[in-house]
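Participant: Predicted coordinates and the sequence they were generated for:
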Amino acid sequence: MITVIGITADNLVHTDIDLDATDLSAYKWIWADFNEPSPSEVKYLEKTFHFHPLAIEDCLQILQRPKLDYYDDYTFYVTHHVREEGRDLFKEELDFFVSEKLIVTFQLAHSKEVAYVQKQLLTQHNAENWDPYFIFYRILDQIVDNYFPLIHDIEDRLAQLEEDNLNKTTAAFIPELMESRHLLLGLMQTVNPMRDLLYRMLNSQHLEGVRKRRSYFSDIHDDLLKVSEMITSNREVTTDMRDSYLSLNSHQTNNVMKVLTIITSIFSPLTLIAGIYGMNFEHMPELTWKYGYFLAIGLMFGIGLAMYRWFKKNGWF
């Protein structure tokens, strides 16, 4: 679907513009949104707007790295936003063609950020303060703002996981922790290229629209820096949690092994005594002695008790 919004010279908002039947030059500026377009709708990028074939090709290729390309009358931007489904995050591409009198948004997968800004623009009785680069700013701002709830959700998962780690087995704890690390890695692979893109935009000498609103785009860059630091910090937390859990698990295993070793050590001499007097030789004086059995039992009990007290004294128990 293609949605076209035109702003008149009087800053009025016109909707439902037909690309085939309308003279776009009659408007002060135009916003055309290609939302999951069909192949026939994609052709308008070249037929009506005369965009470069390489830029159109980048739109149709899935998940290009965030970037900007300069052309004669416009600038082409590739950005990423994140879509959440249940406990999974999916990275989607959102492309922009921006000039002083035109902004075209191209989304192969629906973007709630674009829909949100569209709704805001359509509620304006007077769009005097709006222009293509302001639309561009508002969408980028929404994309970045939507990163924060995702990170806060992961932080809540990690806090709950750390609280319950003593009650979880390794088979349950490690997969949940690795899932959180995987989500953070996915966010990092989205946020860091976006941060680099904003840095390049802020330091470009060719983007007059960005320079006019430098403080706005600089605020987005600051938010991306903050998001990047939060992701790095939480990945370090997951590493610490993993190492602490494995160390605690190893300590508990060592304690169990120590107890089993002590028990084995105590019973070894008892087993030796029982083995000696369990042999069926004919001439063993103790076997016919009246108190032989009680002496053997007493000896084993004494050795066991002495070894237990020795282990206890040395702090092994």
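Facilitator: Everything's here; your move.
Participant: For Trp316, which residues are in contact?
Facilitator: Lys258, Ile262 (Cβ atoms under 8 Å, 6 or more residues apart in numbering). From N, CA and C alone the C-beta is placed, and that goes for glycine too.
Participant: do Asp20 as well
Facilitator: Contacts of Asp20 were listed using Cβ under 8 Å, 6+ apart, and none were found.
Participant: before we move on, which element is it in?
Facilitator: If you go by DSSP states H and E, Asp20 is not part of any helix or strand.
Participant: my guess is Ala32 meets Val104, correct?
Facilitator: Yes - using Cβ atoms under 8 Å, Ala32 makes contact with Val104 at a distance of 4.8 Å.
Participant: Of the two, which one has the most company?
Facilitator: Neighbour count, other Cβ atoms under 10 Å: between Ala32 and Val104, Val104 has more, with 25 against 22.
Participant: tell me the SS of the closest residue to that one other than its chain neighbours?
Facilitator: Ranked by Cβ to Cβ, 6 or more residues apart in numbering and with sequence neighbours excluded, the top spatial neighbour of Val104 is Phe97, at 4.1 Å. On the three-state scheme (DSSP: H, G, I helix; E, B strand; the rest coil), Phe97 is labelled strand.
Participant: For Phe97, the count of nearby residues, please.
Facilitator: For Phe97, which is what you asked about, the neighbour count (other Cβ under 10 Å) is 25.
Participant: tell me the contacts of it?
Facilitator: Residues in contact with Phe97, defined by Cβ under 8 Å, 6+ apart, are Leu45, Phe49, Phe51, Ala55, Tyr74, Thr75, Phe76, Tyr77, Ile103, Val104, Phe106.
Participant: how about 7 Å then?
Facilitator: Contacts for Phe97 were tallied using Cβ atoms under 7 Å, 6 or more residues apart in numbering; they are Phe49, Phe51, Tyr74, Phe76, Val104.
Participant: Spatially, which two of these are the most separated?
Facilitator: In terms of Cβ to Cβ, the contacts of Phe97 reach their longest pairwise distance at Phe49 and Phe76, which sit 11.3 Å apart.
Participant: With that, I have no additional questions.
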